[in-house]
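Trainee: After the sequence you'll find the predicted model.
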Amino acid sequence: MPEPQQRWTPSRVEDLALVTGQGRFLDDQDPLPGTLHAAVVRSTQPHARIRSVDLSRARAHPGVAAVVGPDEVRAGLKPFPLSTGAPMHYYPTGVDVVRFVGEPIAVVVASDRYVAEDAAELVEVDYEPRGVVVGARAALAEDAPLLHEAAGTNVATDRTFSFGPVEQAFAEADHVVEGEYDFPRYSSVPMECYSVIADYREGSVDASGAGGPGVEAWANFHGPFTMVPVMAGALGLPTSAVRLHVPADIGGSFGIKAGIYPYVVLMALASKHSGTPVRWTEDRVEHLLASSSGADRVMRFAAAVSAAGEITALRTDLVDNVGAYLRPPEPSTLYRCFGNITGPYRIGAVEIRARAVVTNSMPTGLNRGFGGQQLYFGLERLMDAVAAATGLDPIEVRRRNLVDAFPYETPTGGVYDSGDYAAAVALAVKNADLDELRARQAAARAEGAHYGIGVALVVDPSGTNIGYVGLATPSEQRKPGRDKSGSTEHVRISVDVQGVVTVLLGTVPQGQGHATVARKVAADRLGLPVEQVRVVVDMDTATTPWTVTSGSYSSRFAPLGTSAVVAAADTIAATVRAAAAVALEVPADELTLRDGAVVHPSGASMLFRHAAGIVHWDPTSLPADVPARLYAEAEFSPRETGAATRDDRINSSLCYGFVAEIVAVHIDPETLQITIDRVSSVHDAGTVLDQQLLDGQVHGALAHALGGAMYEEFTHAPSGQPTSATFLDYLCPTSAETGYDLRSDHVVTPSPLTPLGAKGCGEGSSMSFPVAFANAVADALPGIPITRLPLHGEVLHQLMEEK
């Protein structure tokens, strides 16, 4: 007889459902009976005044329940509150002016999606075209058309900061090295696009049942949950009247789905008008036209450098193109890396000008590594220029400037918690086999080919301090008592009558494996086998513990989420030990939890589940000071993430990891096709909680970064029309492009600020690889200015022709 097949047990608890087709994505779910379907009418013009919108034919179409246009939006909603006081009102649709192709104008609600789409084609919009602004430089031009006339400018925010003796350092410098660089706009193309189900009710849906209107919505949103009060504000409701559900499986995001919240509000309004629940799922063209992307940036860097190659001061001028609106949480991209703007280098003086401009393109937001890939593209290209100006090797000039003692405070207020940067660089060099790469380079050049080696060193921030958004407002305008700060995360743990532990997370994972890690951490703290712990990641703002900083962004889970799990589990452990102490008649502080039992050094023990049963079945036997409660809600809210100071310094993240990356490329001399030969990537993410998941994050970040470095870019014609709205023009890397020789490794310097010593590691290579790749291409093509991405054969042909 054939041997019975063994059931495959994945190491990630999330995987079995996903690989067997049992994932529950939002479009699979139908939580409310009688739900109708919506289609969105979108602008065909990049910039135009809306003369009129005729909805009559759509409303008369059979099967249509409601059509919502600009008049209904203006009457039923308030503009979203912005992070700055700029008079650039933002609604979920254009109400008087459309400012990018794809901007919503109307919503049709019908019996099914087919009817809704047919009726949407009957909506007639009369446009009065206006002048178009394409790109950040065009937005700054004196004669540029204004997107928001009330603002009188296309500059949504403009701030200048200075820390330390910048002028003196530049006056005394042996070299002043400068560069101007452009970073592209690209996205994340998640598997499931935006999806929303919304139900507006005149009777309350809040947890208190206090009455009044409310909205219950389902969305594949992942935070930041600062957007919940933003949604409530636009709807004119208290936050408690907006109940948001997020499923366990959201189809990926990498930050892009933080931008879904305007559609939650829009579908809630559509539900109010139709009198039914309404659902909408974005198609791929809509997603590429009008969802979100990372901000493209134009930037200038200058370094004051000594003859020995030491950088004494840095000047930066950063201009982010945030699209048609300064949509919250922007201008986060400008400030997320404020505390680590000097990277891993000892630079004592910094001057920063930070601007965000509006253009006729879709609004921007979070994208894996947001703010980091833009910053480091400029800083690490500049470091290569410093090497050239001083005659030093690119790795050596970096070594001479590395931070070498921790904690280290940057001029802008960041406090690097731990690290051994020199060791990580040495390991990256060793693993790359740099001597062999240089021999390959010499051989390739001898044959007339091009071969380059590039390096990038970056500080990888994790556990964002939301207080950095306050930097967009001058300190004298920040109201006392209204500061923002913190990196708080909440968790609830309970134990049932059979001793099974449930961990309820509000971290809203996007596929990173939060349940796997939380299960391991809770089991370890409670001395249980992992099979005795279950984790719930579905989000319900009425029942899941959360706060405004909750969510899955900025690599929060390892430093913050697991720390809250530790705190809650330790509270449960204390109660279980106290209960066992009653039965065993020993002091509770002499008991330990291990192997599913509560154990005393004498050998006396009882099962964890039996000790938990005492709390449930015999609570009066517990000491008076022991709560008869086996659930604990805990928060982790580190004090190191305070608000911005009056002089604009801030520790913009709790933890700071490190990445050293070396990339080698071969360029065909005839076609100029670029082939990646080898990547050596070394990460320091503090304590490694799960090696497989950590490696997966590194591999994923590298693939994502490869897209931005070589393929992906949202582009526009001079007319403002998008030219990359399908996968025919918006190219993404596939497995075929990631088959290079990858040598990934880690050093470990635990963070002293988190209970487990862990830092985040979901974004590091998405920040470091694009510029390491650009540095390699520049090394392969001496004399060809590499100042922008993406880089591929066509771009190289253009650059060589220009040269």
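Mentor: The structure has been received and is ready for your questions. It should be emphasised that the depicted structure is a prediction, and the values quoted were computed from it without experimental measurement.
Trainee: quick one: residue 587 from residue 600, how far?
Mentor: 9 Å (CB to CB, to the nearest Å). Backbone N, C-alpha and C define where each C-beta goes, glycine included.
Trainee: neighbour count winner among these two?
Mentor: The neighbour comparison of residue 587 against residue 600 (other CB atoms under 10 Å) goes to residue 600, with 17 against 11.
Trainee: Help me confirm that that one comes into contact with residue 588.
Mentor: No - counting by CB atoms under 8 Å, residue 588 is not a contact partner of residue 600; they are 10.1 Å apart.
Trainee: what's the following helix or strand after the longest helix anywhere in the chain?
Mentor: Taking DSSP state H as the criterion, the chain has its longest helix at helix 562-584. For helix 562-584, the succeeding helix or strand toward the C-terminus, using DSSP states H and E, is strand 592-594.
Trainee: Which strands or helices does the helix or strand following that following strand pack on?
Mentor: As assigned by DSSP H and E, the chain's next helix or strand after strand 592-594 is strand 597-599. With contacts taken as 3 or more CB pairs under 8 Å, 6 or more residues apart in numbering; DSSP states H and E, strand 597-599 sits against helix 562-584, strand 592-594, strand 605-607, helix 608-617.
Trainee: As CSV, the ones you listed with mean pLDDT and distance to residue 414 would be great.
Mentor: Converted to CSV, the helices and strands packed on strand 597-599 look like this (pLDDT from 0 to 100; distance: least, CB to CB, whole Å):
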stretch, mean pLDDT, distance to residue 414
helix 562-584, 97, 20
strand 592-594, 98, 38
strand 605-607, 97, 48
helix 608-617, 97, 42
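Trainee: what's the most buried one of those?
Mentor: Highest mean neighbour count of these: helix 562-584, a mean of 23 (counted as mean count of other CB atoms under 10 Å).
Trainee: thought residue 573 was touching residue 525?
Mentor: Yes - with contacts counted by CB under 8 Å, residue 573 reaches residue 525, the gap being 6.2 Å.
Trainee: Overlap of the contact sets of these two?
Mentor: Residues touching both residue 573 and residue 525 (CB atoms under 8 Å, 6 or more residues apart in numbering) are residue 593.
Trainee: Tell me which residues touch residue 250, please.
Mentor: By CB under 8 Å, 6+ apart, the neighbours of residue 250 are 25-26, 190, 192, 220-222, 257, 508, 510-511.
Trainee: Distance check, it against residue 412.
Mentor: From residue 250 to residue 412 the distance is 34 Å (CB to CB).
Trainee: Next, the contact list for residue 675, please.
Mentor: Going by CB under 8 Å, 6+ apart, residue 675 touches 665-668, 740.
Trainee: Tell me which helix or strand residue 127 sits in.
Mentor: Going by DSSP H and E, residue 127 is part of strand 124-129.
Trainee: Can you give the contact residues for the next helix or strand along the chain from that strand?
Mentor: Next along the chain after strand 124-129, taking DSSP H and E as the criterion, comes helix 136-140. With contact meaning CB under 8 Å, 6+ apart, helix 136-140 is reached by 133, 144, 154-155, 296-298, 319-321, 357-359.
Trainee: do the same with stretch 337-345
Mentor: With contact meaning CB under 8 Å, 6+ apart, stretch 337-345 is reached by 311, 314, 316, 350, 352, 371-372, 375-376, 379-380, 398, 401-403, 410-416, 419, 421, 457-459, 461, 465, 468, 471, 650-653, 656, 658.
Trainee: For burial, what's the neighbour tally of residue 122?
Mentor: For residue 122, using other CB under 10 Å, the count is 18.
Trainee: so it touches residue 58, yeah?
Mentor: Yes - here residue 122 reaches residue 58: they are 4.4 Å apart, a contact under CB under 8 Å.
Trainee: Mutual contacts of these two, please.
Mentor: The contact sets of residue 122 and residue 58 do not overlap (CB under 8 Å, 6+ apart).
Trainee: in stretch 126-142, what counts as buried?
Mentor: For stretch 126-142, the neighbour count (16 or more other CB atoms under 10 Å) marks 127, 130, 132-136, 138-140 as buried.
Trainee: then that stretch to CSV, C-alphas only?
Mentor: Provided in CSV are the C-alpha atoms of stretch 126-142 (Å, rounded to 0.1, in the frame of the first residue of the first chain):
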residue,chain,number,x,y,z
ASP,A,126,-18.8,69.8,-19.9
TYR,A,127,-15.2,70.9,-19.3
GLU,A,128,-13.5,74.3,-19.7
PRO,A,129,-9.8,73.2,-20.0
ARG,A,130,-7.1,75.1,-18.1
GLY,A,131,-3.4,75.3,-18.3
VAL,A,132,-1.5,72.2,-17.2
VAL,A,133,1.4,71.7,-14.8
VAL,A,134,3.5,68.6,-15.3
GLY,A,135,6.4,67.9,-12.9
ALA,A,136,7.8,69.7,-9.9
ARG,A,137,10.0,72.1,-11.8
ALA,A,138,7.1,73.3,-13.9
ALA,A,139,5.0,73.9,-10.7
LEU,A,140,7.7,76.3,-9.4
ALA,A,141,7.8,78.4,-12.5
GLU,A,142,6.7,82.0,-12.0
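Trainee: pLDDT on it, on average?
Mentor: Across stretch 126-142, the average pLDDT comes to 97.
Trainee: before we move on, what about stretch 683-703?
Mentor: Across stretch 683-703, pLDDT averages out at 95.
Trainee: when you give positions from now on, start the count at 56
Mentor: Done: numbering now begins at 56, and the last item shifts to stretch 738-758.
Trainee: CA atoms only for it, dumped as PDB, please.
Mentor: The C-alpha atoms that make up stretch 738-758 are tabulated as PDB, following Å, rounded to 0.1, in the frame of the first residue of the first chain:
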ATOM      1  CA  HIS A 738      20.900  44.300   7.400                       C
ATOM      2  CA  ASP A 739      20.900  45.100  11.000                       C
ATOM      3  CA  ALA A 740      17.300  44.900  12.300                       C
ATOM      4  CA  GLY A 741      18.200  44.300  15.900                       C
ATOM      5  CA  THR A 742      17.000  40.900  17.300                       C
ATOM      6  CA  VAL A 743      15.800  38.600  14.600                       C
ATOM      7  CA  LEU A 744      12.300  37.400  15.500                       C
ATOM      8  CA  ASP A 745      11.900  35.000  12.600                       C
ATOM      9  CA  GLN A 746      14.700  34.400  10.100                       C
ATOM     10  CA  GLN A 747      12.500  33.200   7.300                       C
ATOM     11  CA  LEU A 748      10.200  36.300   7.500                       C
ATOM     12  CA  LEU A 749      13.200  38.600   7.800                       C
ATOM     13  CA  ASP A 750      14.700  37.100   4.700                       C
ATOM     14  CA  GLY A 751      11.400  37.400   2.900                       C
ATOM     15  CA  GLN A 752      11.200  41.100   3.700                       C
ATOM     16  CA  VAL A 753      14.700  41.600   2.300                       C
ATOM     17  CA  HIS A 754      13.900  39.700  -0.900                       C
ATOM     18  CA  GLY A 755      10.600  41.600  -1.300                       C
ATOM     19  CA  ALA A 756      12.100  45.000  -0.700                       C
ATOM     20  CA  LEU A 757      14.800  44.200  -3.300                       C
ATOM     21  CA  ALA A 758      12.200  43.200  -5.900                       C
END
